[in-house]
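J.: Provided below are the primary sequence and the corresponding predicted coordinates.
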Amino acid sequence: MMRQLPSLNGLRAFEAAGRHGSFTAAARELNVTQTAVSRLVRLLEDRFGFPLFLRHANALELTAQGQALLSGLTDAFDSIARLTESVTAMRSGPVLTVGVGPTLAITWLIPRLASFYRSHPDVEVRMATGGATRPVRDDWTCTIRRDTDALPGYNAERLFPSTVVPVCTPKLASTLRSPDDLRNATLIVVSDMPNEWPHWFEAAGLGFPLHPAGEVSFESNVMAMQAALDGVGVAIAQIPYVSDALAAGRLVAPFPIVAHTVGSWLLEYRAIRKEDPALLAFRAWLHQEADLARQVEIVLGRANTNGSARRSAGHPPRD
């Protein structure tokens, strides 16, 4: 049966005008003239037999029918755009979508992906924004997150422990002789992770609250790590976030005392995906990289010549 549809150009013109509340703004979006948009909308109204807008001197106001049409059209056009992207991205090889927090992705996973592609050039890796505070989507192949247990219905494989250490630039580290010197430093904190510094203070044998000379707060770990690289102050960081910067000498751990927080970094996936070829390849590679990541903590431990005790503390932080 042939669908009885109005002009698609008219629908596009109306949807853009309704969304912007302006024929002029819609014309800019559609790369046509304002007169063309107005005419297309008028033809659409003639087709329906009722107005979709109340036209005022400097604004458009949707009628009740216009509001109902706009809501459905915006959803429909968004669905078409998503479908177009999906079809355009289709390829014959295996595809793996991994949900991962932005900080781990930027500082640890993405810099290592080249080695995965060298071994598995046929696998396409797509990254989605994940993390412990974000919902996991069913269309993801797997997710990497910090927590104590697997998500319901998911298999979990431990990659490395959740551990934190203070880091700063070498120049700033030269002014710090003992952990107590942090009282005279600027500490970098992440606003929704207030317990990471107290965990480390406890592991270092310092009393809390410690009152530093200054404190700078950021909303995300990505911002906090960049601030540390720029010499703003001393940050408390998950080891994977800074392992590359430590290896390159861009950051140093002035006091190599590692604080273990509750939980671990986990690779999680649904059992139904266990034999997925792309996941099999990614899992094997990821565990190899995780083994290397754990060596950073071992090196820091060896550097801790004072023999500071490491103690488990607190609750699992969130990315």
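T.: Sure thing, it's come through.

J.: in this protein, which residue is most central in space?
T.: residue 102 (3.0 Å; CA atoms, centre = their mean).

J.: got the phi and psi for it?
T.: phi -60, psi -40 (degrees, to the nearest 10).

J.: do the same with the one 3 residues further on
T.: Dihedral angles phi and psi of residue 105 (degrees, to the nearest 10) take the values phi -60, psi -50.

J.: circling back to that earlier point, isn't the residue nearest to the centre of the chain up against residue 220?
T.: Yes - using CB atoms under 8 Å, residue 102 makes contact with residue 220 at a distance of 7.2 Å. For the C-beta atoms, the positions are set from N, CA and C on the backbone; glycine is no exception.

J.: pLDDT score assigned to the residue nearest to the centre of the chain?
T.: In this model, residue 102 is scored at 90, pLDDT.

J.: also residue 315?
T.: 37.

J.: repeat for residue 253
T.: At residue 253, pLDDT is 93.

J.: tell me how far the spatially closest residue to it that is not a sequence neighbour lies from residue 278.
T.: Of all residues not flanking residue 253 in the chain, residue 165 sits nearest, at 5.0 Å (CB to CB, 6 or more residues apart in numbering). Residue 165 sits at a distance of 33 Å from residue 278 (criterion: CB to CB, to the nearest Å).

J.: more neighbours: the two, which one.
T.: Taking neighbours as other CB atoms under 10 Å, residue 165 and residue 278 compare with residue 165 leading, 25 against 21.

J.: helix, strand, or coil at that one?
T.: strand (DSSP: H, G, I helix; E, B strand; the rest coil).

J.: ok, now which ones touch it?
T.: 200, 236-237, 239, 242, 253, 255-259, 300 (CB atoms under 8 Å, 6 or more residues apart in numbering).

J.: among those, which lie within strands?
T.: Of the contacts of residue 165, the ones assigned to strands by DSSP state E are 236-237, 259.
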